[in-house]
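A.B. asks: show me the folded form of this:
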Amino acid sequence: MTEAINKELPVLAREWARLRADFWDLGMLSWIPVLLCGLLWWTFSAGIARDLPIAVIDNDNSALSRQLTRWLDASPGIMVAGKAGASDEALAMLRERSAFGYLVIPFDFEKELTSGRQATVQWLYNAQFSSHAGSLLRDVRTVSTTLSAGVEMTARGKKGVSGVQATAQFEPVRTQLNSLYNENISYEAFLTLALMPSMLQIFIVIAVVTTVGRELRDGTVPQWLASANGSWPRAVGAKLLFPLMAYVALALLYLLFFSLVRGWAVAGSLTGLLLGMLLLVLAYCGLGLLLVAATLSLRLSLSGTAFITAPAFAYAGQAFPLMAMPPVARAWAQALPLTHYLEVQTTYWLAGAPWRYGVTQLLILAGFAIGCGALGMLLLARRANVPAAWGRT
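C.D. replies: Numbers count the residues shown, from 1 in each chain. You can find the predicted model right below:
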């Protein structure tokens, strides 16, 4: 055991000395991802979108139309930013983004309702912002339905119909809506839990590509290999050890913060989630090694890193359904470890699924880690220890 440790120490000591001497490289494994992940959490920490501005065109200016405007403004997700005199003025507010939609209350709004006839309000919104539009549509519909129900109940009550009968007549079929796994429809749970691993995978690949690619660029491969007693597995293992430990620790920190501090407890298999986090880090360590071994160029491998990792979240099926993507896009999504990890995280963390529901995705992540790592090691051992591979930018 002592002999084995002594064999490992020179290459580990060399790598640790390199990290300690470079402020930014050490920061990439510590405070930089923590800072950026903290900023990301702070951005979505409100959880629910509130006080999104809208405009109102009140052509009736009656007690009921003013009540509708007040109720809209009192809704948590809506803020009535102002009243517009006409559609041109309201559209100008939408173009300026001082409002994301406007409601048109027609003439004789109150008269039509109190006479037992139907009155239609128009809701026009900026569909360029889908999350704004969805949130506002839900709140506007809730307020208008509540007002409509109140008017109808009052009218039927005046005819001698009891409250229970009026409710049954007004809504003979009632839909009971129950949200599962994210009861408050919080963006903190929906976006931040998914974006953190998306940011982490970028850092992992950059760290691995940088630490190996510099040896090639600077022509220090012989010294690096000599410190590992000529063993490529030992040399590469020392390179990957510090990123592996750092990013596994960051993944655990992210898990502890959201589960203990923010209250998003792991509802399903904690063991499966922890294994998924470990395999995610290993998979992207293997991918980084494969990129630099395939290109033998720090610049090209960093370009490949940006191409693969930066848009990965868009293909992961969180923002847009995976099944709705074209076949080529879906195939690309399935070729990314992040897609499979986020399925594991969604299954185990909030959905509360037991271990067996994520086994397939865990095996795929293990395949990425082993396949990319082994191929990267093989290519590096065959191609890197020759002068022709050194000095490339």
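A.B. asks: so how far is the helix or strand containing Gln345 from its chain's centroid?
C.D. replies: Gln345 belongs to helix 337-345 when assigned by DSSP states H and E. When distances are taken as Cα atoms, centre = their mean, to the nearest Å, helix 337-345 is centred 11 Å away from the chain's centroid.
A.B. asks: what's next to that helix, contact-wise?
C.D. replies: 193-194, 197-198, 201, 272-273, 276-277, 279-280, 283-284, 287, 309, 312-313, 315-318, 322, 333-334, 358, 361-362, 364-365, 368 (Cβ atoms under 8 Å, 6 or more residues apart in numbering). Glycine gets a C-beta too; all of them are placed from N, C-alpha and C.
A.B. asks: try it again with 6 Å
C.D. replies: 194, 197, 201, 276, 280, 283, 312, 316, 333, 358, 361, 364-365, 368 (Cβ atoms under 6 Å, 6 or more residues apart in numbering).
A.B. asks: looking at the residues you listed, which one is closest to Arg18?
C.D. replies: Of all these, Arg18 sits closest to Gln201, with 23.2 Å by Cβ to Cβ.
A.B. asks: so the closest residue to the closest one other than its chain neighbours is in which element?
C.D. replies: Among residues not flanking Gln201 along the chain, Tyr284 sits closest, at 4.9 Å (Cβ to Cβ, 6 or more residues apart in numbering). Under the criterion of DSSP H and E, Tyr284 resides in helix 270-295.
A.B. asks: check which residues of the next helix or strand after that helix are buried.
C.D. replies: Next helix or strand after helix 270-295 toward the C-terminus (DSSP H and E): helix 298-309. Neighbour-count burial for helix 298-309, with 16 or more other Cβ atoms under 10 Å as criterion, is recorded at 298, 300-302, 304-305, 308-309.
A.B. asks: send the alpha carbons of helix 298-309 over as PDB?
C.D. replies: Taking Å, rounded to 0.1, in the frame of the first residue of the first chain, the C-alpha atoms of helix 298-309 are listed here in PDB:
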ATOM      1  CA  LEU A 298      -6.600  23.200 -26.400                       C
ATOM      2  CA  ARG A 299      -8.300  25.800 -28.600                       C
ATOM      3  CA  LEU A 300     -10.300  23.200 -30.600                       C
ATOM      4  CA  SER A 301     -11.300  21.200 -27.600                       C
ATOM      5  CA  LEU A 302     -12.500  24.300 -25.800                       C
ATOM      6  CA  SER A 303     -14.500  25.200 -28.900                       C
ATOM      7  CA  GLY A 304     -16.000  21.700 -28.900                       C
ATOM      8  CA  THR A 305     -16.800  22.100 -25.200                       C
ATOM      9  CA  ALA A 306     -18.800  25.300 -25.900                       C
ATOM     10  CA  PHE A 307     -20.600  23.700 -28.800                       C
ATOM     11  CA  ILE A 308     -21.700  20.600 -26.800                       C
ATOM     12  CA  THR A 309     -22.300  22.000 -23.300                       C
END
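A.B. asks: now do it, average pLDDT.
C.D. replies: Averaged across helix 298-309, pLDDT comes to 95.
A.B. asks: and the contacts of it?
C.D. replies: 201-202, 205-206, 209, 213, 217, 291-292, 295, 393.
A.B. asks: show me where pLDDT drops low in the stretch 51-200 of the chain?
C.D. replies: 150-185 (pLDDT under 70).
A.B. asks: which stretches in the stretch 151-300 of the chain count as helices?
C.D. replies: 163-170, 187, 193-218, 221-227, 232-256, 270-295, 298-309 (DSSP state H, counting those that start in this stretch).
A.B. asks: re earlier: export the helix holding Gln345 as PDB, just CAs?
C.D. replies: This file holds the C-alpha atoms of helix 337-345, laid out as PDB (Å, rounded to 0.1, in the frame of the first residue of the first chain):
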ATOM      1  CA  PRO A 337     -25.400  13.100 -20.500                       C
ATOM      2  CA  LEU A 338     -27.200  16.100 -19.100                       C
ATOM      3  CA  THR A 339     -30.500  14.900 -20.700                       C
ATOM      4  CA  HIS A 340     -30.400  11.600 -18.900                       C
ATOM      5  CA  TYR A 341     -29.200  13.100 -15.600                       C
ATOM      6  CA  LEU A 342     -32.100  15.600 -15.500                       C
ATOM      7  CA  GLU A 343     -34.500  12.700 -16.100                       C
ATOM      8  CA  VAL A 344     -32.900  11.000 -13.100                       C
ATOM      9  CA  GLN A 345     -33.100  14.200 -11.000                       C
END
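A.B. asks: begin at 707 from here
C.D. replies: Sure thing, new numbering starts at 707, so read that last one as helix 1043-1051.
A.B. asks: what angle separates it from helix 938-962?
C.D. replies: Using axes from the mean of the first three to the mean of the last three Cα atoms, to 10 degrees, the inter-axis angle of helix 1043-1051 relative to helix 938-962 is 40 degrees.
A.B. asks: which segments of the chain make up each domain?
C.D. replies: Here the domain assignment for the chain is 708-750+892-1095, 758-876, based on automatic domain parsing.
A.B. asks: quick one: the first one to chain centroid distance?
C.D. replies: Its chain's C-alpha centre lies 17 Å from the corresponding centre of domain 708-750+892-1095 when counted by Cα atoms, centre = their mean.
A.B. asks: let me see the contact set for Ala1018.
C.D. replies: Ala1018 neighbours (Cβ under 6 Å, 6+ apart): 1042, 1044.
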